[in-house]
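*Asks:* The amino acid sequence is not available; the structure is as follows:
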């Protein structure tokens, strides 16, 4: 898998040279506070919390991609497989210092899974014991939004959702990412 | 070398920033009606903004420039493959420099014809000014519907400095 190893090398290099580091606990606690506040604001309606997290992520992703491009100076990916490696080995690496595994491709190469061995957002986290959070809340759902926002900026419409989470007692944390379509260039609106 | 003007277009083909360094000669702006219309509308492929042969507004200039780079870029891609991109073109009067990011944000700069390639300069404006001051400002909008545009003092000041100090 040359595209994956190439991406790993780029990610490694950028992480060492171009990235400002911040304290991991600061990130974990900040994110945890956001989720906790949302749970309170939506009165324990976890579907709405998931939705809101995704939306926040979307807005982050649209900005983050520009920073990603400015830092990495990589060009457009040739195909969706290359995109997946770029996300996992460069994107996640420079922003969270993790490199989820890309796996479970469908035969048409339009869907894959990211399996997270570690997840800095969820350190110290235990889902509330209210009998519903375990089944309804996707704690790290902001990441789905980040991917959707970032890829939309580079002309890919995607859909992303978590299918399992160790916080819920699953064996792995897995996100499913599907390519919906490539977005065409927009033309200026016609006048007169 | 002289920089005439600078434009940024976002992925929705919206001109989100424009800046001109040379004023349009006032005598030309005022004398619109005396010109035969055929002559004014003939060079539809984007004559130099600085020369202002007709009574175009800066908005019109931006649209013409967008049309020009958009078509040129698409033709360059048809001929040279998906990854190809045009970098600059030159007329008798000016040179246009072009840089496009993977997010389809387009940076355009018009300079005099003697200027060297500005591709690296445009890339630096993107990386060091646009991303730093505009994109990373959490309170500035990510999209600019209706052409609100980049309205950011830090960005404008640094661009001014970059152009006057670095480029001249």
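*Replies:* Looks like it arrived, so ask away. The shown structure was predicted, so the numbers you read here are calculated from the model rather than taken from an experiment.
*Asks:* name the helices or strands packed onto the longest helix along chain B?
*Replies:* Across chain B, the longest stretch assigned as helix under DSSP state H is helix B:58-80. Packing partners of helix B:58-80 (3 or more C-beta pairs under 8 Å, 6 or more residues apart in numbering or on different chains; DSSP states H and E): strand B:3-9, strand B:15-20, strand B:95-100, strand B:106-111. For every residue, glycine as well, the C-beta is placed using N, CA and C.
*Asks:* Just the buried residues of that helix, please?
*Replies:* Of all the residues in helix B:58-80, those buried under the rule 16 or more other C-beta atoms under 10 Å in any protein chain shown are B:58, B:61-70, B:72-73.
*Asks:* now the residues you listed in TSV, with distance to residue A:28?
*Replies:* Converted to TSV, the buried residues of helix B:58-80 look like this (distance: C-beta to C-beta, whole Å):
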residue	distance to residue A:28
B:58	48
B:61	50
B:62	45
B:63	48
B:64	51
B:65	47
B:66	44
B:67	49
B:68	49
B:69	45
B:70	45
B:72	48
B:73	44
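*Asks:* Let me have the residues you listed in JSON lines, extended by pLDDT and distance to residue B:141.
*Replies:* Below are the buried residues of helix B:58-80 laid out as JSON lines (pLDDT from 0 to 100; distance: C-beta to C-beta, whole Å):
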{"residue": "B:58", "pLDDT": "76", "distance to residue B:141": "22"}
{"residue": "B:61", "pLDDT": "86", "distance to residue B:141": "24"}
{"residue": "B:62", "pLDDT": "88", "distance to residue B:141": "19"}
{"residue": "B:63", "pLDDT": "89", "distance to residue B:141": "22"}
{"residue": "B:64", "pLDDT": "91", "distance to residue B:141": "26"}
{"residue": "B:65", "pLDDT": "93", "distance to residue B:141": "23"}
{"residue": "B:66", "pLDDT": "93", "distance to residue B:141": "20"}
{"residue": "B:67", "pLDDT": "92", "distance to residue B:141": "25"}
{"residue": "B:68", "pLDDT": "93", "distance to residue B:141": "27"}
{"residue": "B:69", "pLDDT": "94", "distance to residue B:141": "24"}
{"residue": "B:70", "pLDDT": "93", "distance to residue B:141": "23"}
{"residue": "B:72", "pLDDT": "94", "distance to residue B:141": "29"}
{"residue": "B:73", "pLDDT": "93", "distance to residue B:141": "26"}
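*Asks:* nearest to residue A:118, of those residues?
*Replies:* residue B:73 (41.8 Å; C-beta to C-beta).
*Asks:* Surely the closest one touches residue B:86?
*Replies:* Yes - the criterion here is C-beta atoms under 8 Å, and residue B:73 meets it with residue B:86 at 5.9 Å.
*Asks:* Which residue ranges of chain A form helices?
*Replies:* A:2-17, A:24-41, A:46-72, A:80-85, A:92-96, A:133-136, A:142-153.
*Asks:* Just the angle for the last one relative to helix A:24-41, thanks.
*Replies:* Orientation note: helix A:142-153 sits at an angle of 100 degrees relative to helix A:24-41 (axes from the mean of the first three to the mean of the last three C-alpha atoms, to 10 degrees).
*Asks:* So is helix A:142-153 next to chain B?
*Replies:* Yes - Helix A:142-153 lies within reach of chain B by C-beta under 8 Å from any C-beta of the partner chain, at residue A:153.
*Asks:* what helices or strands is that helix leaning on?
*Replies:* Partner elements for helix A:142-153 (3+ C-beta pairs under 8 Å, 6+ apart): helix A:46-72, strand A:156-164, strand A:173-182.
*Asks:* Give me the buried stretch members for that helix, please.
*Replies:* A:142-153.
*Asks:* Look up how far residue A:59 lies from the nearest residue to residue A:53 once chain neighbours are set aside.
*Replies:* Leaving aside its sequence neighbours, residue A:53 sits nearest to residue A:141 (C-beta to C-beta, 6 or more residues apart in numbering or on different chains; 4.1 Å). Look at residue A:141 and residue A:59: by C-beta to C-beta, to the nearest Å, they are 14 Å apart.
*Asks:* next one: residue B:123
*Replies:* 26 Å.
*Asks:* what about the residue nearest to residue A:67 when sequence neighbours are not counted, how many neighbours?
*Replies:* Excluding its sequence neighbours, the residue lying closest to residue A:67 (C-beta to C-beta, 6+ apart) is residue B:131, at 5.9 Å. Number of residues near residue B:131 (other C-beta atoms under 10 Å in any protein chain shown) recorded here: 20.
*Asks:* Next up, the contacts around the most centrally placed residue in chain A.
*Replies:* The centroid of chain A falls nearest to residue A:143 when counting by C-alpha atoms, centre = their mean (3.3 Å). Contact partners of residue A:143, counting by C-beta atoms under 8 Å, 6 or more residues apart in numbering or on different chains, are A:57, A:121, A:160, A:175.
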